[in-house]
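Student: Coordinates for the following, if possible.
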Amino acid sequence: MEKSAEILGKEKTLSHVCKRFLQTFITIAEQKEHTSAECLKFMEKGDENMKLQLQKEKGEKQANEVLRKKELKERKAERKKEVKGKISFGFDSFP
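Tutor: Numbering: from 1, shown residues only. Below is the predicted model:
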């Protein structure tokens with residue numbers, strides 16, 4: 001059971017985690033090697049792993065959003081500087 005939980009934690013996307021979890025749980029149920037209490041413990045571990053994966057993905061999305069906004073602000077500031085330079089240069093060239 002611990003190996004299955006470790007495998008679940010190493011999967012890259014939530015859909016893979018869900019698929020792997022369901023496959024493992026079905027295998028356990030089919031083999032009937034574990035009592036219902038052990039199956040419930042495994043389900044709880046799977047739920048925890050899925051929650052951790054969701055939090056990780058949410059954190060990555062938030063970090064990417066912050067970086068994207070910062071880059072947009074920097075580009076906007078650069079464009080403003082370029083526009084100001086063109087306008088002042090244009091007025092300086094007139095007699």
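Student: Can you tell me the element residue 76 falls in?
Tutor: Per DSSP states H and E, residue 76 falls inside helix 36-93.
Student: Now that helix: average pLDDT?
Tutor: Computed over helix 36-93, the mean pLDDT rounds to 78.
Student: now for it, which elements pack on it?
Tutor: helix 2-10, helix 14-31 (3 or more C-beta pairs under 8 Å, 6 or more residues apart in numbering; DSSP states H and E). Glycine gets a C-beta too; all of them are placed from N, C-alpha and C.
Student: Out of those, which gets the lowest mean score?
Tutor: helix 2-10 (a mean of 58).
Student: quick revisit: and the angle for the helix holding residue 76 with helix 14-31?
Tutor: Helix 36-93 runs at 170 degrees relative to helix 14-31, counting by axes from the mean of the first three to the mean of the last three C-alpha atoms, to 10 degrees.
Student: Residue 54 versus the residue lying closest to residue 43 once chain neighbours are set aside, what's the distance?
Tutor: In this structure, residue 43 finds its nearest non-sequential neighbour in residue 25, 6.7 Å apart by C-beta to C-beta, 6 or more residues apart in numbering. Separation of residue 25 from residue 54 (C-beta to C-beta, to the nearest Å): 19 Å.
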